[in-house]
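Enquirer: sharing a model that was predicted from the sequence below.
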Amino acid sequence: MAAKTVVFAEDLSDEDLETVLRIAKEAFMQSPAGGAVFAALASAIRRSADKELGGGWSVCVGRKFGAFVTQRIKAYGYFSVVPGVSVLMWKA
């Protein structure tokens, strides 16, 4: 995947940021089938994040969405690994 990663906002350790970006890139490379592609991507990202970074992650994936979240310190990321599609992750 040659797309440029853009981090819009984050409150993560450098190591955790690298991990969530890798997890998201891997999920996008899997190309889920079916009609609810963004929901499938969010689910895959959440499962991997829960496994690698501990449970409790919430994930939104899409082209257009609004969000207001309360998160734990060092547990928030808003980024894009594919042009035009954003990922919002947080732990409450």
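Expert: That came through fine.
Enquirer: what does the one helix or strand Lys51 maps to contact?
Expert: Under the criterion of DSSP states H and E, Lys51 resides in helix 37-53. Here helix 37-53 makes contact (Cβ atoms under 8 Å, 6 or more residues apart in numbering) with 16, 19-20, 23-24, 26-28, 30, 32, 34, 56-62, 85, 87, 89. The C-beta positions use only the backbone N, C-alpha and C, and glycine is treated the same way.
Enquirer: next secondary structure after that helix?
Expert: Following helix 37-53 in sequence, per DSSP H and E, is strand 57-62.
Enquirer: ok, that next one: who's next to it in the sheet?
Expert: Its sheet considered, strand 57-62 pairs with strand 85-91 (antiparallel) by DSSP bridges.
Enquirer: could you check the angle helix 37-53 makes with the partner strand?
Expert: 40 degrees (axes from the mean of the first three to the mean of the last three Cα atoms, to 10 degrees).
Enquirer: show me what strand 85-91 is in contact with.
Expert: Counting by Cβ under 8 Å, 6+ apart, 8, 20, 24, 28, 38, 45, 49, 56-63, 65, 67, 69, 71-72, 75-81 sit against strand 85-91.
Enquirer: weed out the non-buried ones from the residues you listed.
Expert: Buried by 16 or more other Cβ atoms under 10 Å: 20, 24, 28, 45, 49, 57-61, 75-81, out of the contacts of strand 85-91.
Enquirer: so where's this structure uncertain?
Expert: Low-confidence segments of the chain, defined by pLDDT under 70: 1-2, 32-35.
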